[in-house]
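Chemist: any chance you could fold what I've pasted below:
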Amino acid sequence: MSAAESHPEAPPVPVPRYGTGALSDLLPSVTASLGMAGERNVLGLRETERAVVFLIDGLGWELLKANPDWAPFLSSLVPGAWGGRGEPLTAGFPATTATSLASFGTGLPPGAHGLLGYSVAIPGDARLMNQLRWDPYVPPREWQPHTPLMERAAAAGITVAQVSDPLFERTPLTQVALQGGTYVGCAFGEPRVQGVLDQLAAPGPVLVYTYLSELDKAGHGNGVDSDAWRVELARADGLVRLLAEQLPPGTSLYVTADHGMVDVPMADRIDVDTDPELSAGVALLGGEGRARHVYAVPGAASDVLAIWQDVLADSCWVLSRDEAVAAGWFGEVEDRVYFRIGDVVAAPWANVAIVATRKEPNESRMVGLHGSMTPDEQLVPLLEVHT
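Modeler: Residues are numbered from 1 along each chain as shown. Sure, this is the predicted structure:
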């Protein structure tokens, strides 16, 4: 085997389309289309009186294109049926729920809102903070001080409602990313669709946000190449169609997602907890299997970078903190969040995962994973229905 065959050349380092075509650009464009002053409609959305954003957790653009028979209605929107267009946005880095929901809800890239992954180090504190579970607890608006866009929209006179699972109403992630207007707790399925329709009955302008988590759960538990995942895709497809067919006149519906997903075989997982090279000099391992923040012990950052770049040369983009920031992975990075980024940032481009079976046993057993900047994870749909 030649050296080139043993260490294939990495693809070019990608950059999310912050400011021109990223998930963080969607809600500013929607609110601008509703007439909110001060917001830029960079996506060129049509003016409307009522807008619904339907975010399906884990529905990647590539997954949708690969499963048209299981999502006939959503697939029909890809070529731009129902008076809209169908195209992908970039989720942002890392392509993970906490980061993407904060990007969507604030209209800011990760480097500004500061939710830079599934788990990140608390600067000055030798602990990781899980930003999905918010553990350990940090005052939410101290961790993310920017006012969520739905809160600003409500203050500007738009009738705002979030229709979602009652469990999410008071979570810190909701407080820092999705707060604003009225929260309507509705069960999954037709009750949630009806909840959206009820909120659209208010006089305009109206903004309604709704969310489904079931597809993402099926992907983590069973993989995206499973009947269980496809059944959930079909259920989501049916709910979007049910909603679209009952929208009142003058409504724009936008269907999007927070990330895609890939199945990574257990044999292709690199276990930092049992690898003496990759664990050497590492104080904390943040992020998740497809997007790692590596925090080095003092004085070891350059050595850790060199080792990780050598060991993972045939499967991952591995950059220093400064290199990742300069490359634009997180967008513009505020000083207060700079040290939340790992000394080393690793994102697989091959179908591998960097796991920690001892410290993260549950996450290490998941079948479907996400976080990196491959098209399968990074591209999310922007589908439109206009009535």
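Chemist: and the strands in the stretch 101-250 of the chain?
Modeler: Along the stretch 101-250 of the chain, the segments classed as strands by DSSP state E, counting those that start in this stretch run 119-121, 128-130, 159-164, 182-185, 206-212.
Chemist: who does the first one pair up with?
Modeler: Taking DSSP bridges as the criterion, strand 119-121 forms sheet pairs with strand 128-130 (antiparallel).
Chemist: ok so L26 is a helix residue?
Modeler: Yes: according to DSSP: H, G, I helix; E, B strand; the rest coil, L26 belongs to a helix.
Chemist: does it really touch A257, like I thought?
Modeler: No: contact criterion CB atoms under 8 Å: L26 and A257 do not qualify, at 10.8 Å. Where C-beta positions appear, they are placed from N, C-alpha and C, glycine not excepted.
Chemist: compare these two and say which one has the larger neighbour count.
Modeler: Set side by side, L26 and A257 show more neighbours around A257, with 32 against 24, by other CB atoms under 10 Å.
Chemist: state the distance from that one to D376.
Modeler: Distance from A257 to D376, counting by CB to CB, to the nearest Å: 12 Å.
Chemist: identify the contacts common to these two.
Modeler: G60 (CB atoms under 8 Å, 6 or more residues apart in numbering).
Chemist: circling back: how about the strands of the stretch 101-250 of the chain in JSON lines, adding mean neighbour count?
Modeler: Shown next, in JSON lines, are these (neighbours: other CB atoms under 10 Å):
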{"stretch": "strand 119-121", "mean neighbour count": "24"}
{"stretch": "strand 128-130", "mean neighbour count": "18"}
{"stretch": "strand 159-164", "mean neighbour count": "24"}
{"stretch": "strand 182-185", "mean neighbour count": "16"}
{"stretch": "strand 206-212", "mean neighbour count": "24"}
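Chemist: output those strands in JSON lines, with mean pLDDT appended to each entry.
Modeler: Shown next, in JSON lines, are these (pLDDT from 0 to 100):
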{"stretch": "strand 119-121", "mean pLDDT": "98"}
{"stretch": "strand 128-130", "mean pLDDT": "97"}
{"stretch": "strand 159-164", "mean pLDDT": "98"}
{"stretch": "strand 182-185", "mean pLDDT": "97"}
{"stretch": "strand 206-212", "mean pLDDT": "98"}
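Chemist: can you redo the ones you listed as CSV, where the extra columns are distance to L197?
Modeler: Compiled in CSV, the strands of the stretch 101-250 of the chain are given as follows (distance: least, CB to CB, whole Å):
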stretch, distance to L197
strand 119-121, 37
strand 128-130, 35
strand 159-164, 9
strand 182-185, 11
strand 206-212, 9
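Chemist: so which of these is nearest R170?
Modeler: strand 182-185 (8.6 Å; CB to CB).
Chemist: and that closest one, which strands flank it?
Modeler: In its sheet, and by DSSP bridges, strand 182-185 pairs with strand 159-164 (parallel).
Chemist: the strand it pairs with: how far from the chain's middle?
Modeler: 20 Å (CA atoms, centre = their mean, to the nearest Å).
Chemist: next: stretch 239-252.
Modeler: On CA atoms, centre = their mean, the centre of stretch 239-252 falls 25 Å from that of its chain.
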